[in-house]
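Novice: When you get a sec, could you give me coordinates for this:
(one chain, ligands or ions: 1)
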Amino acid sequence: MTINILFAAKANRWPQYEAPLTKALNAAGVSGFNLSTDIAPQDVDYIVLAPNGPVQDFAPYTRCKAVLNLWAGVEDVVSNPTLTQPLARMVDHGLTQGMVEWVTAHVLRHHLGIDAHINGQDGVWRVDTPPLAEDRPVTILGLGALGTACARALVSLGFDVTGWSRSPKDVPGVRCLNGDAGLRAALESAQILVLLLPKTPETEDLVNAQRLAQLPKGAFIVNPGRGPLIDDSALLEALDSGHIAHATLDVFRVEPLPPDHPYWAHPSVTVTPHAASDTREGTAAQVIAENIRRSQAGEPLLHLVDRDLGY
Ligand code: NAP
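Specialist: As a prediction, this is how the structure comes out:
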């Protein structure tokens, strides 16, 4: 029987994904599949989903065995009341490596004070030796696929890395904390704070005025996680007062960030356009294909989302 795989993303994604998905499905040994952007809902076995794509109502997909998300973040899908099928999120080498590169670059930028020289080409010979990485405490909130990979990369550069997660973790070289008491300790030491938490009801506004105050004066914030992790008004106040030296923000409550948003003009904010890391079709296709192979073989899916936790 044909395995019908619906590709449900914005139209410009199909030419990018058609060949890699076909190749990966063949390589995974999935036979007799029909991969298309147009399949009658009642005939669909798997949905390859971008949450901003055409499928928003999952109820008609009565035969669907799994929804395979192309993105790491699932906040726009997980609470969809019509979704009853298992949901897997994207954990992909390309996405992870891209995030490691972006986070490492922005941590090093703030650590080394690179801005002072980029903005200071004015004939003044500034000599200001930064501390070594081993003397720079960096905290990562979120020790999942991305947070752990970034923590490992920063440890390999010599940084003094603390990570914080919901459940206890053990990552070599990383001080791993969890729970409320752990969060306070993680914040109090963080000269550079990296946010790699998912957006859930528990994490929304986690970085509020009280928690910003727990960071050391002059701390830097790097947020490639999700915009709602931060209380924007509290952050702007902390930036204006100088308590926070700089915020590098890749994600926002409203995207694209509206042109009149105060972040754009703030001298201590760097806005990047949700570009920290994108799913890469070559490697992501292999993850999707492997999950379809697993499902067909009756094996458990990789990267299943916990509907109660929301990530
Ligand atoms: P993940 O593997 O699901 O990891 C999430 C981490 O957050 C886990 O360590 C989890 O703790 C922790 N966490 C969740 N809720 C928590 C809570 N209430 N308190 C403490 N810790 C909590 O996710 P991921 O693949 O690393 O991705 C993280 C996020 O990055 C995504 O959700 C997405 O929002 C964002 N992202 C952004 C971009 C971009 O381009 N800007 C690209 C990809 C992803 P446990 O380990 O204990 O479960």
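
Novice: Just the element for residue 183, please.
Specialist: helix 179-188 (DSSP states H and E).

Novice: near the ligand at all, that helix?
Specialist: No: interface with the ligand: helix 179-188 contributes nothing (C-beta under 6 Å from any ligand atom), its closest point being 7.4 Å away. (Glycine included, C-beta is placed from N, CA and C.)

Novice: buried stuff in that helix?
Specialist: For helix 179-188, a neighbour-count test (16 or more other C-beta atoms under 10 Å) marks 182, 183, 185, 186, 187 as buried.

Novice: Near the ligand, which residues of the chain? Just list them.
Specialist: So far as C-beta under 6 Å from any ligand atom goes, the chain lies against the ligand at 72-73, 91, 95, 99, 142-147, 165-167, 196-200, 202-203, 224-226, 250-251, 274, 276-277, 311.

Novice: before we move on, the earlier item: what does the helix holding residue 183 rub up against?
Specialist: 139, 141, 162, 163, 164, 177, 193, 211, 214, 215, 216 (C-beta atoms under 8 Å, 6 or more residues apart in numbering).

Novice: The residue in the chain positioned nearest to the ligand and residue 246, how far apart?
Specialist: Nearest residue of the chain to the ligand: residue 144, at 1.7 Å (C-beta to the nearest ligand atom). Distance from residue 144 to residue 246, counting by C-beta to C-beta, to the nearest Å: 25 Å.

Novice: do the same with residue 54
Specialist: 39 Å.

Novice: who's more crowded, the two?
Specialist: Neighbour count, other C-beta atoms under 10 Å: between residue 54 and residue 246, residue 246 has more, with 20 against 13.

Novice: for that one, phi and psi?
Specialist: For residue 246, the backbone dihedrals are phi -160, psi 150 (criterion: degrees, to the nearest 10).

Novice: now do the one 4 residues further on
Specialist: Backbone geometry at residue 250, expressed as degrees, to the nearest 10, gives phi -110, psi -20.

Novice: Where does residue 211 fall, secondary structure wise?
Specialist: Judged by DSSP H and E, residue 211 forms part of helix 209-214.

Novice: in its sheet, what does the following helix or strand past that helix sit against?
Specialist: As assigned by DSSP H and E, the chain's next helix or strand after helix 209-214 is strand 219-223. Paired strands of strand 219-223, with direction, are strand 192-195 (parallel), strand 244-249 (parallel) (DSSP bridges).

Novice: buried ones in the longest one?
Specialist: For strand 244-249, burial by neighbour count (16+ other C-beta under 10 Å) applies to 244, 245, 246, 247, 248, 249.

Novice: again, but for stretch 139-159
Specialist: 139-155, 159.

Novice: Could you do stretch 132-141 as well?
Specialist: For stretch 132-141, using 16+ other C-beta under 10 Å, the buried residues are 133, 136, 137, 138, 139, 140, 141.

Novice: Name the SS class of the spatially most distant residue from the centre of the chain, please.
Specialist: Among residues of the chain, the one most distant from the C-alpha centroid is residue 123; the distance is 40.1 Å, by C-alpha atoms, centre = their mean. Here residue 123 is recorded as coil under DSSP: H, G, I helix; E, B strand; the rest coil.

Novice: so how far is residue 28 from it?
Specialist: The value you get for residue 123 to residue 28, if C-beta to C-beta is used, is 60 Å.

Novice: Over to residue 48?
Specialist: According to C-beta to C-beta, residue 48 and residue 28 sit 14 Å apart.

Novice: Which one's more surrounded, those two?
Specialist: It is residue 48, of residue 48 and residue 28, that has more neighbours when counted by other C-beta under 10 Å, with 27 against 18.

Novice: ok, back up a step: of the strands paired with strand 219-223, which is nearest residue 305?
Specialist: strand 192-195 (19.8 Å; C-beta to C-beta).

Novice: State the phi and psi torsions of the residue lying closest to residue 86 once chain neighbours are set aside.
Specialist: Nearest residue to residue 86, sequence neighbours excluded (C-beta to C-beta, 6 or more residues apart in numbering): residue 66, at 4.8 Å. Backbone torsions of residue 66, given as degrees, to the nearest 10, read phi -160, psi 150.

Novice: domain parsing for the protein?
Specialist: Here the domain parsing of the chain from automatic domain parsing is 3-92+279-296, 95-271.

Novice: Export those as CSV, with columns for mean pLDDT.
Specialist: Output for these, formatted as CSV (pLDDT from 0 to 100):
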stretch, mean pLDDT
domain 3-92+279-296, 97
domain 95-271, 98
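
Novice: Could you give me the buried positions within stretch 10-21?
Specialist: In stretch 10-21, counting by 16+ other C-beta under 10 Å, buried: 13, 17, 18, 20, 21.
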